[in-house]
Each structure stands twice: as structure tokens, then as C-alpha cells.
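Colleague: need a 3D model of the sequence below.
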Amino acid sequence: MLRKRFLALAFIIGITAGRVQAGEDLAPAAQWIPQDAAITLEISNPKPLLELAIGPKTVQAVTSHPLWKLATLTPRFQQLRQGIDYLESRLDTDWQSGLEKLLGGGVILAATPTGASLLVVDSRDAKLLGRLHEVARQFAETQSGKKSESNRVKSSQHQGVTVWSFGPNDYHAVVGSRLMVSNRREMLLAALALRSAGGKGSLGQSAAYQQAMAAAGSRVPVRMFVDLAVLRQRTPLGKALEREENPMAALLFGGLADVLRQSQWLALSLDVQGPRLLLEATAEGRASSAQGAAAFAWPHDPAQGAMPLLSVPRQLASLSFYRDLHGFYAAKDKLFPERTSGLIFFENMMGIFFSGRDLTEEVLAETLPEIRFVVASQQYDSAVGTPQVQLPAFAAVFRLKNPAKFREVAEEAWQKAVGLVNITRGQKGQPGLVIDRAEHRGQKYSVAYFSAAGIEDKKQIPTYYNFRPALALAGDRLILSSTDALARDLIDALRKEADDRVPPVAGAHTLASVDLTGVGNTLQVNREHLVRQNMLEKGHSKAQAELETDLFLKVLSYLGRARLTMDSRQGRACARVEWELNLP
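Modeller: Sure thing, here's the model as predicted:
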């Protein structure tokens, strides 16, 4: 598949090349981008990306899979192989070296709200670019002859530059070692006009672009500029940001819509350090921490913030949020005016669990803005058995203002929830949960479980045995877990955290981590179930379903671990992702 990518890219570059004009000192490519470009992706140094994409480890990972070996036997692959071999012989270079030379000077892709786009590629070898164009031109003319399209290949002069077109929505030119491609003629001509004007009025001279690129940093190989002001005015984004319609999305993303509403631009950067990727996003503004609809998600004090991620055995994912649940729900009429009826129903349901207490002032007001979640794979008790489909355990941890006062309230609500589950299952003739009290290192907690009495086959017990819901109070932390085993691990983790007096991550409102390799390993345990599901949903044979499932699991095993941090820096909203790939 890597060879296929090269052939496609080589053909695109070839059909877009024109007459090479030597001797011109080329201005930075951003000086040739029209200022109405709302999104611009800039790859100033393609080398680390190419090393990651076509390096030995990646090639080994791709070519070692059975699907790759099957693909090499198809007639289409053989034709592709012949085409690449032909290009390599005509250009007198191997495809890896050719790709590095053609893209080595950098790439910029810009798009406007109207759908026009412009690709600018700076080659390190103008002669190679010209030779590739000649091959592509001959190919285009041959295809035109076969289809009796005598006017398919066109060229014209504009400001001393040859502008080519090999078909609909294809306009391109070459100036020195710089290639320009657009899907609209007027976009390409505007870029050539900026060249003649010395970049005056270009995106590169825009204050917003310069600020965004400075925020992204000059040393990273990949940067992106998004003109939020233009997108809000000329695309559906503006209306989408006018009002947050999904309460859970608003709670999860912590006022992101507020940030995008007030920011003029968004800058993104990607750094590649071998198998380690560092992605950062910076918005020009930030949501107000003192007032406004999104105040619930931003620390009011610079020393405040989300607590560090919890760590437990067999962990797959961990999340930590700074969220003022009381402030969030108190502002519901302002945040979600169109969801009033649905929220009234939700409050009535919560009133059942909390014995009529006011959800805003008597329940959510008892929580502090520290919320954490953990997901971990399970180890099953041999005395109970192993479910036929194995699901990970998950838990939420809240911090209480008055744990002694609220403990019995939470316990009563939890028991009512378990009772509701039992009533629902009983109506269907299904077994219910047995409520019990247990103890872990002196800490008592509540647990509900399905009885294993009478089960003979311990290897294929029903899926609902994945759940043993538990409620525990560790200090001022309330634990709601899908299993008692995870609740015990969290009790240990929280005690250690309290003993070490771990402080919050100052200024951070969202932290997250996920072990995608671990997720793949967990899914591997359920491989047979995934294969059967694939066969039912897609109509594949067992062999096809196994290949597709194994490919999915293999990809997950390579994705490694990722960690997200969202906070503010120098008054601007920021997000950072650190991603460590697990290449062989």
C-alpha cells in the first residue's frame, strides 16, 4: 500500500508540473496564499513524517500482515508495481528517494470557505520535478487520445508562467522548484498575482496568521492555521457555536464552544520525534473563569486545577476533570434553554433516588470540582467463572464537601438504583443483584453481585457477570465502580495519593490518557465474538471476518499510548496530546 501511495502522489505532482523557470528567489510559500484562506496546513520539514510513514518499522508492520501478502497477488497490485517500476526507471531514482526530493522543501495546503483549495509544494530537485511532469504529460495525452478528448491537455500563459490543466478542476503551474495546484483557476491566478505583488495582501502578511504561527512555534515540522472569525461568518460553524445543545458534550469538553466563539484563530502544531508524536492546539482566547456560561469548567484560582490521573493495575484509560457540577447545573437554563423539558424529567428521576432533595442545591452542591474516571481490564474470580464476553471495569470518583453528611445520602441513592435494576430484571424473569457489605484494609464498602450458585460451566458464564457494582467512600472521595475489584484498587490509589499529598495540576481543566495497545489486547480476548459479529453485520465468510478482525487488532497494538492535557497558557486556551506509538 505504501507503493500505491507513492504512485498516486507522484502522478499528482506530475500532472501539476509545468515549465521550470530557474533563477527566481522564491518567497516563503505563505506569501503566495490568498488571504481569504480559512484553513492552512503547513509542513515545513517533511523528513520526520516520511521517516515515520515509510521507515523500516512502518514498512515491516505493513508488509508482515497477511492482508498485504494477499494484496500482492492481485492483478491490480501487479499493475501498480509495474507502474512504479516504470516511474523509477524513467526518473532514475527509487521511489523513497524521489518522494523525499519532491517534497523535501515543504508543503502548504490552503482552503477557503467557498471550497477552493491551493497546494504549494517546494521541491528540492527542480529537474526531477520537470522530468516527472514530462512523464505525466505524455500519460495524460495518451489517455486523451484513447478517449478522443483532443482538448483535455491545455496550457496558457499568465504573468510569464505556464498554467496547465489536464482535466476538470485541475489547474497547476511551476515556478522554479515550486509547484502550485488548485481546483479552481481563479485561486491559482490569485496566487500568481501575489507572487508578482511581492506577497502584499497575502495570508503570510495577515496579523492573525502571524500570531497563530508564533503560537504554534517555529521548530515543529507541521503547523496549521484556522481562521475562526472567517469560518464563523461564512460557514455553518457560526450557528453551531451559537448554543450548546448537548449537556453531556458541554460538560465533557469544558466550554470549548465558548473558546471557539470568542477566538479569532486556532493554531495547531505537530512534532515528530521517532515514534513519539506531540500535537498541540492553541486558541487565541479562553473561556472566562469568573463569569460566563462556561465558568464551571475553568479553575478560578491559578493554583487550582484537575487532579492528576489515577493509576490502577491493568488500566486502559484514565480521565480527570475540573468541573463545578453545581455551577454547571445551576446555569442550565442559560446553557440549554431548549432542553428544559428533558432536564425536568431528569430532575424528577434524580428526585426518586435522592428522596426529593433539590438536585442543584442539596446534591450537586455537595460535590467539589474534581471528577475522575478509570477504565481497567478485569481478572475474574475462578470461583465465579469467566464471562463469554469479557468487558472492562469502569469507575467514577467524586470529591465531597461534607463526606460524613452525604455518605448515607449516596448509599441510599445507590441502593435504590440497584433495586430499580432488580425490579426491571425481575419483570423479565432474569436473576437480580444481591447487596452485601465488604471490607478492604479496614475500609467498608457496599457491593452488589449476581449469585454464581448452580453454575457448572465456569468458562462461558453470561455477560452480566462482568458487573459487580460497588460504592465506597475513601476519605472525602466517593467511588462508584462497576466492580468491587476496581473499587478496592481505587481505595488503595486514593489512600496513597492522600498520604503523598498530591496537589492538583495547576490551571488544567481536563486530563486524559488511553492505552490503545492495552485496548487491543483486551479485545483480543474477545476475538471469536468479534469475528462472529463481523460475519453477521457484513456478511463475510469466517476467513474474511478473521482477516479483517485481526487487522483491526493489529493496528490497535501499534497505536501505543496517548495522553491529553487541556489548560491555558499566557491567557490562551491550549490542548496537548503526547502519543507514543508501539511500532515493532
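Colleague: am I right that residue 471 is in a strand?
Modeller: Yes: judged by DSSP: H, G, I helix; E, B strand; the rest coil, residue 471 forms part of a strand.
Colleague: can you tell me how far it is from residue 44?
Modeller: Summarising the geometry, the distance separating residue 471 from residue 44, computed by C-beta to C-beta, to the nearest Å, is 53 Å. Any C-beta I mention is one placed from the backbone N, CA and C, and that applies to glycine too.
Colleague: and these two? Which one has more around it.
Modeller: residue 471 (22 against 17; other C-beta atoms under 10 Å).
Colleague: now the residue nearest the centre of the chain. Nearest residue, chain neighbours left out?
Modeller: The geometric centre of the chain, computed from its C-alpha atoms, lies nearest to residue 577 (C-alpha atoms, centre = their mean), at 9.2 Å. In space, residue 577 comes closest to residue 279 once its chain neighbours are excluded; the distance is 4.3 Å by C-beta to C-beta, 6 or more residues apart in numbering.
Colleague: what do you get for residue 391?
Modeller: Using C-beta to C-beta, 6+ apart and skipping the chain neighbours, the partner closest in space to residue 391 is residue 466 (4.3 Å).
Colleague: run through the residues that contact the one you found.
Modeller: 378, 387, 389-391, 393, 482-483 (C-beta atoms under 8 Å, 6 or more residues apart in numbering).
Colleague: element containing residue 511?
Modeller: With secondary structure defined by DSSP states H and E, residue 511 is part of strand 510-515.
Colleague: now do the buried residues in the next helix or strand after that strand.
Modeller: The C-terminal neighbour of strand 510-515 among helices and strands, as given by DSSP H and E, is helix 516-525. Neighbour counts using 16 or more other C-beta atoms under 10 Å place 516-523 of helix 516-525 among the buried residues.
Colleague: please tell me how far residue 310 sits from residue 376.
Modeller: As for residue 310, its distance to residue 376 is 10 Å (criterion: C-beta to C-beta).
Colleague: go on, residue 283?
Modeller: For residue 283 relative to residue 376 (C-beta to C-beta), the value is 33 Å.
Colleague: near residue 491, how many other residues are there?
Modeller: Look at residue 491: counted by other C-beta under 10 Å, it has 23 neighbours.
Colleague: list the residues that contact it.
Modeller: With contact taken as C-beta under 8 Å, 6+ apart, residue 491 is in contact with 440-441, 443, 445, 472, 474, 479.
Colleague: identify the spatial nearest neighbour of it, chain neighbours not counted.
Modeller: Counting by C-beta to C-beta, 6+ apart, residue 491 lies nearest to residue 474, which is 4.8 Å off, once chain neighbours are set aside.
Colleague: likewise for residue 185?
Modeller: Of all residues not flanking residue 185 in the chain, residue 171 sits nearest, at 4.7 Å (C-beta to C-beta, 6+ apart).
Colleague: from residue 304, how far off is the one you found?
Modeller: Counting by C-beta to C-beta, the gap from residue 171 to residue 304 is 54 Å.
Colleague: what about the strands in the stretch 451-584 of the chain?
Modeller: Under the criterion DSSP state E, counting those that start in this stretch, the stretch 451-584 of the chain contains strands at 470-474, 477-481, 510-515, 561-569, 572-580.
Colleague: neighbour count winner among residue 310 and residue 376?
Modeller: The residue with the greater number of neighbours, taking residue 310 and residue 376 and applying other C-beta under 10 Å, is residue 376; the counts read 27 against 21.
Colleague: looking at the protein, which helix or strand does the model trust least?
Modeller: Between all helices and strands in the chain, the lowest mean by mean pLDDT, DSSP states H and E belongs to helix 2-16, at a mean of 41.
Colleague: how close does residue 350 sit to residue 360?
Modeller: 10 Å.
Colleague: hmm, I was thinking of residue 530
Modeller: With distances taken as C-beta to C-beta, residue 530 is found 43 Å from residue 360.
Colleague: comparing the two, which residue is more hemmed in?
Modeller: Here residue 530 and residue 360 are set side by side on neighbour count (other C-beta under 10 Å), and the busier one is residue 530, at 20 against 16.
Colleague: the nearest residue to that one once chain neighbours are set aside - how many residues pack around it?
Modeller: When the adjacent residues along the chain are set aside, residue 530 lies closest to residue 549, with 4.9 Å between them (C-beta to C-beta, 6+ apart). Other residues within reach of residue 549 by the criterion other C-beta under 10 Å amount to 23.
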